[in-house]
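S.K.: fold the stuff below for me.
(one chain, ligands or ions: 2)
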Amino acid sequence: MTTTPTDLMQPFATLLDMNAGLITPSGPPMQRHLSDMRGMYADAEAEAALLAEGDPLIYEVHGVAPVPMEVSQVPYCTTIIHPGRVGDEYYMTKGHYHAVRDRAELYIGLAGEGRLIMQTVEGEFRSLPMTPGTLAYIPGYWAHRTVNVGDEPFIFLSVWPGDAGHDYGTIETTGFVKLLVKQDGAPTFVDNPRWQV
Ligand code: PAN
Ligand code: ZN
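M.R.: Ligands and ions are numbered 1, 2, ... in the order given. Below you'll find the model as predicted:
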């Protein structure tokens, strides 16, 4: 029989405000302003104009659970993507692969309307709509980015294996296969001119 470790971790609970996306208690949120994502939006002129106007807050991440980043743990956090666009392109997260490529993740929609876009290194592309209650499963090997296509904050909870890690560099270099832009008033996918395998 497996015995209990002597340095046994204690159970704990935090409180999730499902409408606001806040977790209590939690440390200070991680904030991503446009200046933290330079070059990730296609319209460089629109990006420069917004930076000159005051560098808008694009998204924030709240309450990564204070657990060791080990495979036996399941850290969690909320992401709040504010409504807005850089040119025609909706506000979005940076997006990443997991550093340990086969690690999966669960996204749980809490508020607002978004899209979860995913791709493989070979350029296979998928998109899932996310609204409150959506349980979106991201299998290993799929890079993932979320996009706010509504007029309110788009908020979701993420849960993932603690050793997954984040690889942002690959996406910073190639971007995603498609951009999500507002065209004729509706979210529309267009090819990313900078995509390269
Ligand atoms: C999420 C993301 C979060 C922010 O918790 O880290 O939504 O997006 P970026 O990390 O791409 O900036 C997750 O997928 N964790 O693995
Ligand atoms: Zn992830």
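
S.K.: which residues are contacting the helix or strand of the chain with the lowest mean pLDDT?
M.R.: Sorting the helices and strands of the chain by mean pLDDT, DSSP states H and E puts helix 169-174 at the bottom, at a mean of 91. Residues outside helix 169-174 that contact it (CB atoms under 8 Å, 6 or more residues apart in numbering) are 39-40, 94-97, 121, 143, 145, 194-197. In this view, the C-beta of every residue, glycine as well, is placed from N, C-alpha and C.

S.K.: what's the mean pLDDT across whichever helix or strand comes after that helix?
M.R.: Remark: after helix 169-174, the chain's next helix or strand is strand 178-183, criterion DSSP states H and E. If you average the pLDDT over strand 178-183, you get 98.

S.K.: for strand 178-183, name the packing helices and strands.
M.R.: Taking 3 or more CB pairs under 8 Å, 6 or more residues apart in numbering; DSSP states H and E as contact, the helices and strands that strand 178-183 lies on are strand 89-90, strand 114-119, strand 186-191.

S.K.: tell me what angle it forms with strand 186-191.
M.R.: Angle of strand 178-183 versus strand 186-191, following axes from the mean of the first three to the mean of the last three CA atoms, to 10 degrees, is 140 degrees.

S.K.: close to ligand 1, is stretch 108-126?
M.R.: No: Stretch 108-126 stays clear of ligand 1 (CB under 6 Å from any ligand atom), getting no nearer than 9.7 Å.

S.K.: just the terminal-to-terminal distance for that stretch.
M.R.: In stretch 108-126, first residue to last residue: 17 Å (CA to CA, to the nearest Å).

S.K.: am I right that Asp43 is in contact with Val86?
M.R.: Yes: Asp43 lies in contact with Val86 (CB atoms under 8 Å); the separation is 6.0 Å.

S.K.: longest helix of this structure?
M.R.: In the chain, taking DSSP state H as the definition, the longest helix is helix 44-53.

S.K.: any buried residues in that one, and which?
M.R.: 46-47, 50 (16 or more other CB atoms under 10 Å).

S.K.: give me the buried positions along the helix or strand harbouring Ile108.
M.R.: Assigned by DSSP H and E, Ile108 falls within strand 105-111. For strand 105-111, the neighbour count (16+ other CB under 10 Å) marks 105, 107-111 as buried.

S.K.: and for the helix or strand harbouring Arg32, what's in contact with it?
M.R.: Taking DSSP H and E as the definition, Arg32 sits inside strand 30-33. For strand 30-33, contacts defined as CB under 8 Å, 6+ apart pick out 55-61, 93-94.

S.K.: follow-up on the earlier one: which of the buried residues of strand 105-111 sits closest to Thr24?
M.R.: The closest of those to Thr24 turns out to be Leu110 (CB to CB; 14.8 Å).

S.K.: the closest one and Met30: what is the separation?
M.R.: Applying CB to CB, to the nearest Å, the value for Leu110 to Met30 is 18 Å.

S.K.: which residues of the protein score low on pLDDT?
M.R.: 65, 197 (pLDDT under 70).
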